[in-house]
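In: Show me how the following folds:
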Amino acid sequence: MAELISVVLALAFVFASAGCSAREYDYKLETTNASAAKTAAYQSEAVLYSRKEFDSRRYPYFAMLSETEKDVYSLIYEELSQGNRKFECPVNANSDQLSKAVDAMLNDHPEIFWLDNNYGFTYDPADGSIKEITFKFFDFADTPEKLEKARAEFNSATDSLVAGALTYSTVAERELYFHDYICENTEYDEEAPYNQSAYSALVLHRSVCAGYARCFQYLMQKTGAACYYVSGRTEGLVTDTGEEGDGMSNGRHSWNIVLIDGEFYNIDCLWDDTASDVYGNLIYPFFNLSDEALIHHARSGMSVYLPDCNGTDFKYSNMFGDTVEADELVFTDAA
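Out: Below is the predicted model of the structure:
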């Protein structure tokens with residue numbers, strides 16, 4: 001019996017990284033005709049995978065990976081882009097390399113919006129090499145027909161907004177256009193469905209920090225700008241009783257980094273939206289801030305390796321006029 005067990009593939013389930021929140025669910029592996037058709041091509045371990053390359057300036061998480069992890073990243077991106085949820089892995093990679101590749105791919109590509117934030121895989125217990133990967137799709141995209149419909153809705157919403165943004169000539173003006181649209185049309189809602197995806201903000205208009213950030217990232221990417229998704233946490237916030245609490249100081253959070261004229265800036269659409277709700281009109285305390293000025297934010301995970309943000313020229317008050325500044329806000333909640 002021991003000899004039999006040694007050659008049987010093992011099964012594992014993993015949660016992908018996500019900002020703000022994560023949800024558990026019952027996960028059942030499924031098969032697809034597309035993945036079955038690829039099996040013969042992937043049977044030989046001698047087959048070398050020919051990966052797609054991604055520009056490091058636009059896709060920085062790809063650049064952080066080892067060569068093997070880049071192969072897995074590319075494989076996952078290509079398969080998911082084709083709507084395949086289950087596929088063989090011809091790359092000789094282990095579970096740690098798979099995990100890093102998945103996190104990096106999701107951070108770089110908000111257009112892959114139909115994933116339910118975790119995945120399963122089979123591996124060979126003899127050497128730990130991944131054999132097959134299976135992703136869970138959201139229910140609105142759990143058939144090829146539904147996925148095609150969801151992508152059409154997503155692309156339609158994107159195209160109309162990008163067309164509007166491109167009537168402006170500068171990156172900062174396009175930022176402001178997208179920022180204001182998201183803040184005016186998205187409701188912060190922790191119970192919003194699919195709230196870790198750009199779809200939740202762009203199509204359903206209800207989301208949390210992850211959805212806000214992925215939506216903004218994708219819209220900016222579509223105009224040709226370099227815009228990054230940042231995973232982190234809130235720090236140093238206090239409750240209305242004046243006591244610092246774990247949930248306030250260490251809550252998971254997501255925002256964006258954008259490149260303008262050779263310098264990097266932080267922008268947090270959700271916190272601007274929340275602050276604007278309190279003030280009763282749009283304000284821009286977290287629009288294009290340096291790391292030094294970005295109070296109560298701290299990067300985590302792979303995001304700590306993103307470029308430092310030292311730019312100041314394109315801060316809102318330097319470009320568009322006076323606004324309430326971040327250091328003028330009084331924080332009594334971690335919304």
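In: pretty sure residue 103 is touching residue 302, no?
Out: Yes - between residue 103 and residue 302 there is a contact under Cβ atoms under 8 Å: 6.3 Å. All C-beta atoms are positioned from the backbone trio N, CA, C, and that covers glycine.
In: between those two, who's got more neighbours?
Out: residue 103 (21 against 18; other Cβ atoms under 10 Å).
In: So that one: helix, strand or coil?
Out: helix (DSSP: H, G, I helix; E, B strand; the rest coil).
In: Tell me how far it lies from residue 165.
Out: Distance check for residue 103 against residue 165: by Cβ to Cβ, to the nearest Å, it reads 28 Å.
In: where does the stretch 51-200 of the chain have low pLDDT?
Out: Counting by pLDDT under 70, the stretch 51-200 of the chain shows no low-confidence range.
In: would you list every one of the strands in it?
Out: Counting by DSSP state E, counting those that start in this stretch, the stretch 51-200 of the chain has strands at residues 86-88, 115-123, 130-137, 187-188.
In: beta partners for residue 255?
Out: Note on residue 255: beta-bridge partners residue 230, judged by DSSP bridges.
In: Can you check the pLDDT for it?
Out: Residue 255 is assigned 98 on the pLDDT scale.
In: Go ahead and confirm it touches residue 210.
Out: No - Residue 255 lies out of contact with residue 210 (Cβ under 8 Å); the separation is 9.9 Å.
In: Tell me how many other residues crowd residue 124.
Out: Neighbourhood size, residue 124 [other Cβ under 10 Å]: 14.
In: How much space separates it from residue 195?
Out: 36 Å.
In: what sits against residue 65?
Out: Applying Cβ atoms under 8 Å, 6 or more residues apart in numbering to residue 65 gives the contacts 73, 100-101, 104.
In: er, residue 225 I mean
Out: 171, 174-175, 258-260.
In: Mind doing that once more with 7 Å?
Out: 171, 258-259 (Cβ atoms under 7 Å, 6 or more residues apart in numbering).
In: so which of the residues you listed is the most crowded?
Out: Highest neighbour count within those, by other Cβ under 10 Å: residue 258, with 24 neighbours.
In: ranges for the helices of this protein?
Out: Secondary structure of the chain, counting by DSSP state H: helices at 2-7, 33-38, 60-63, 67-81, 95-108, 144-165, 171-185, 198-202, 209-222, 246-249, 269-279, 316-319.
In: got JSON lines for those helices, with distance to residue 138 too?
Out: JSON lines is the format used below for the helices of the chain (distance: least, Cβ to Cβ, whole Å):
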{"stretch": "helix 2-7", "distance to residue 138": "35"}
{"stretch": "helix 33-38", "distance to residue 138": "18"}
{"stretch": "helix 60-63", "distance to residue 138": "22"}
{"stretch": "helix 67-81", "distance to residue 138": "13"}
{"stretch": "helix 95-108", "distance to residue 138": "14"}
{"stretch": "helix 144-165", "distance to residue 138": "8"}
{"stretch": "helix 171-185", "distance to residue 138": "20"}
{"stretch": "helix 198-202", "distance to residue 138": "8"}
{"stretch": "helix 209-222", "distance to residue 138": "12"}
{"stretch": "helix 246-249", "distance to residue 138": "27"}
{"stretch": "helix 269-279", "distance to residue 138": "21"}
{"stretch": "helix 316-319", "distance to residue 138": "34"}
